[in-house]
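S.K.: Pasting the sequence and the predicted coordinates here, then a few questions.
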Amino acid sequence: MNGAMIIGPGERLRLFVTAMLVYALCLTPVLFNPMTWTALDAAVSLVETGRWQVTHGDLYYDNDVAMAGSRKVGGPPPGLAFAMVPTYAVWRAVAGVVDTPESFVALHVFATIVIGAAASALAAGEVAALARVLGAGVSGARWAAILFAFGTPAFLFAVRLYKENLAALIVVAAFRLALTAETGRRWALAGLLGGAAGLVAYPSGLIGLGVAAIALARAGRRTLVPVALGGAVALVWLSLYNAWLFGRPWRFAYSSYLNMPGAADVHDVHFRLPSVFVLVNSLVNQREGLLFYSPFLALGIVGLVTAWRGGWRMPVAVTAIFALALWGLSAAWLAQFPMSFTGARYLFPAVPLLAAFAAPVLERVGAPARWTLAIVSIGLTYLIVQAGHIADPAPLLYAAKTFVSGTGLPVLFKETLPAWLGLETLHTTLARPDVSGRDLVRMLATPAGWRLAANQALMLVASLAAFAAVAGVIRRVWTPPAVAPTEALAR
C-alpha cells in the first residue's frame, strides 16, 4: 500500500477532537430509548449482582426486555451492553451506584460521551482513512469525514446513546483493514471485527462475509483461514450466548420478548415481505429518510460506479450488497411495525462506506454543488439533533419550530442548563402544554415576559461563548505549526 495514500494519526486526531467538541455541546441528556435503557441496565446489573440480567425493567416498562427462563435479560444484541460494563465500573467508582431514574440519566450522559460520541468521532477518522485508500486526496477525505460526522445520523447517535454508530465503526474498520492487511494477524483481526459487528447489531455481521470475499480477491485462499478463525470467535460466542439464555444457538431473544414498542402482537414478531412503502421511507421519508437528511450520500452511489470502473470491483460489490442487504432486512423487519420510525437507523452501518466512496467524487464536483450538498446535509441533521427527542408525526416541522423557539440552541443550552439553574425561558415556557404561541406573545408585553426573554438571552450568550471557545480550539487544532525563519531557510 502506498504510504502517501494513508492518512496519518495527526489528521485522525484532529478529526476526532473536532467531532468530540461539537458533539459535547450538542448532547441530549434525556434517556428515552428502551434499547439504551436495557444496555445500561444490563451493565449495571452485571456489575452489581454478578449475573447477566436486567433488574430495573420497571423504570422503562420492560420494553425490549426478554425472558431467559425466569430471568429478565436485555433483548437487543449484547455488544453495546458489554461495552457499557467497564464504562459503568468507572462511573461507579467515581459517582456511586446507579439505581434511580436520575442516576441512570447521569450514567447515560457519561456513556454517550465515552461510547456514543467517541464511536462517531472515531468512525469519521476511519472514513477519511478509507477514502484515502480508495484514491481520494486529502481534501476529499476531509470533506467525506466532516460530512459523515455532522451531516449523517452519526451526529444524532453521538449525542444520544445508540448501538448503530458503534456497529458502523466496527464495520468500516473491518472493511478498511481488509483492503490494507498484509499479514495473517491483520487478516484475523479483520475477520474478528467483521464478526464482532454482528454482536452489536445483528445484520452488521454480514460484513464478515464481505471481508472474506475481499481477502479472497486480494490474496487468495490462504487468507481465508485467519479471516475465518477471527470471524468464528464472534460467531461461536453468539451461539453460546443464545444457547445459554434461550436454549438453542440459533434462537434469539425476540421469541421471548415481554414488550416490543410498536408491535401489535409481541408473540407474532417475525420478518415479513418488505413493502415498497417501507423501502422508500427508509430513504426519503421525513421521519428518518437517509437520503432526505444526508443527500450528499447520493455521491457515494456515484462513487461506487466510478470505483467499479477504476478496478475496485470486489470492494464495490461488497459495499453495494451489504447496503442492499441492510435495506431489505430492515424493511422486512419494520413491515410489522406500522407506527415505527423508518429504517435509516438500520441502514447506518453502511453509511461510513458510502461516505468514503463519495470522497473522490466530492473532489471532482464543482464547489457550488459540494457546498450546497454540505449545507443541506449538515443543516437538516442539526435541525433534528437540536430538537432532541421527536415524537411528533411531522418531525421536520417540529424541529423547525423548536429551532425558532429555542433560538437555534441545542438541547443542552435551551432545556438542560435552564433546568439546572432553575430559570424559565421563552422556550421552556412554550414547551408547557398549557401555553400556546399566542399566550407567549401576549406575555412579552408584561414584566414576566421580559424576564423570560432576558433568561433566554442569557442562555444564548452562554451558548455563543461556549461555541466560540470550541471554535477557537478547533481552529488551533487545524492551524499548522509556524515554521521558524531559520528552519524555513534551511528548507
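M.R.: Happy to help now that I have it. Numbers count the residues shown, from 1 in each chain.

S.K.: Every contact and neighbour count from this point should use C-alpha atoms.
M.R.: Noted.

S.K.: tell me which strands and helices the top helix by length along the chain is in contact with?
M.R.: As assigned by DSSP state H, the longest helix anywhere in the chain is helix 447-478. Helix 447-478 is packed against helix 9-25, helix 426-430, helix 437-443, with contacts defined by 3 or more C-alpha pairs under 8 Å, 6 or more residues apart in numbering; DSSP states H and E.

S.K.: can I see the domain layout of the protein?
M.R.: 3-380, 407-491 (automatic domain parsing).

S.K.: Can I get the ones you listed in a markdown table including mean neighbour count?
M.R.: Below are the domains of the chain laid out as a markdown table (neighbours: other C-alpha atoms under 10 Å):
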| stretch | mean neighbour count |
| --- | --- |
| domain 3-380 | 21 |
| domain 407-491 | 15 |
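
S.K.: looking at those, which one has the lowest mean pLDDT?
M.R.: With a mean of 88, domain 407-491 has the lowest mean pLDDT of these.

S.K.: Go through the domains of the chain and name the closest to L397.
M.R.: Nearest to L397 among the domains of the chain is domain 3-380 (9.4 Å), distances taken as C-alpha to C-alpha.

S.K.: Next, the contact list for G408, please.
M.R.: Q386, T402 (C-alpha atoms under 8 Å, 6 or more residues apart in numbering).

S.K.: how about the strands in this structure?
M.R.: Taking DSSP state E, the strands of the chain run over residues 65-68, 71-74, 257-259.

S.K.: TSV for the ones you listed, including distance to W478?
M.R.: Putting the strands of the chain into TSV (distance: least, C-alpha to C-alpha, whole Å) gives the following:
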stretch	distance to W478
strand 65-68	45
strand 71-74	42
strand 257-259	48
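
S.K.: wait, which of those strands is closest to A174?
M.R.: For A174, the closest of these is strand 71-74, at 26.4 Å, according to C-alpha to C-alpha.

S.K.: Just the CA trace of that closest one, in PDB.
M.R.: Coordinates of the C-alpha atoms in strand 71-74 are reproduced here as PDB (Å, rounded to 0.1, in the frame of the first residue of the first chain):
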ATOM      1  CA  ARG A  71     -34.700 -14.200  34.400                       C
ATOM      2  CA  LYS A  72     -35.200 -10.900  32.600                       C
ATOM      3  CA  VAL A  73     -32.500 -10.000  30.200                       C
ATOM      4  CA  GLY A  74     -31.900  -7.400  27.600                       C
END
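
S.K.: Residues contacting that strand, please?
M.R.: T38, A39, A42, W52, Q53, V54, T55, D64, V65, A66, M67.

S.K.: ok, now which ones touch the first one?
M.R.: Applying C-alpha under 8 Å, 6+ apart, one finds that T38 lies in contact with V54, G57, D64, V65, G74, G75, P76, A81.

S.K.: Please repeat the previous calculation with a cut-off of 10 Å.
M.R.: Residues in contact with T38 (C-alpha atoms under 10 Å, 6 or more residues apart in numbering) are 44, 53-57, 60, 62-65, 73-76, 78, 80-81.

S.K.: now do the third one
M.R.: Taking C-alpha under 10 Å, 6+ apart, we find A42 in contact with 36, 48, 51-57, 72-74, 78, 80-82, 84-85.

S.K.: Let me know the distance separating it from R370.
M.R.: Distance, A42 to R370, using C-alpha to C-alpha, to the nearest Å: 44 Å.

S.K.: likewise the last one?
M.R.: With the distance defined as C-alpha to C-alpha, M67 ends up 50 Å from R370.

S.K.: still on that earlier bit, would you list the domains of the chain in JSON lines and tack on distance to A400?
M.R.: Conversion of the domains of the chain to JSON lines gives the following (distance: least, C-alpha to C-alpha, whole Å):
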{"stretch": "domain 3-380", "distance to A400": "10"}
{"stretch": "domain 407-491", "distance to A400": "9"}
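
S.K.: Out of the ones you listed, which gets nearest to H389?
M.R.: domain 3-380 (7.9 Å).

S.K.: tell me the contacts of the closest residue to I378 other than its chain neighbours?
M.R.: Closest residue in space to I378, ignoring its immediate chain neighbours: G151 at 4.1 Å, by C-alpha to C-alpha, 6 or more residues apart in numbering. Contact partners of G151, counting by C-alpha under 10 Å, 6+ apart, are 144-145, 293-297, 373-382.

S.K.: cool, and R272?
M.R.: By C-alpha under 10 Å, 6+ apart, the contact list for R272 reads L329, A331, A332, W333, L334, A335, Q336.

S.K.: if you set the cut-off to 7 Å instead, what comes out?
M.R.: Contacts here follow C-alpha atoms under 7 Å, 6 or more residues apart in numbering; on that basis R272 touches A332, W333, A335.

S.K.: Check Y88 too.
M.R.: A43, V44.

S.K.: Please repeat the previous calculation with a cut-off of 8 Å.
M.R.: A43, V44, V47, L107, A111.

S.K.: cool, F271 as well?
M.R.: L329, A332, W333, A335, Q336.
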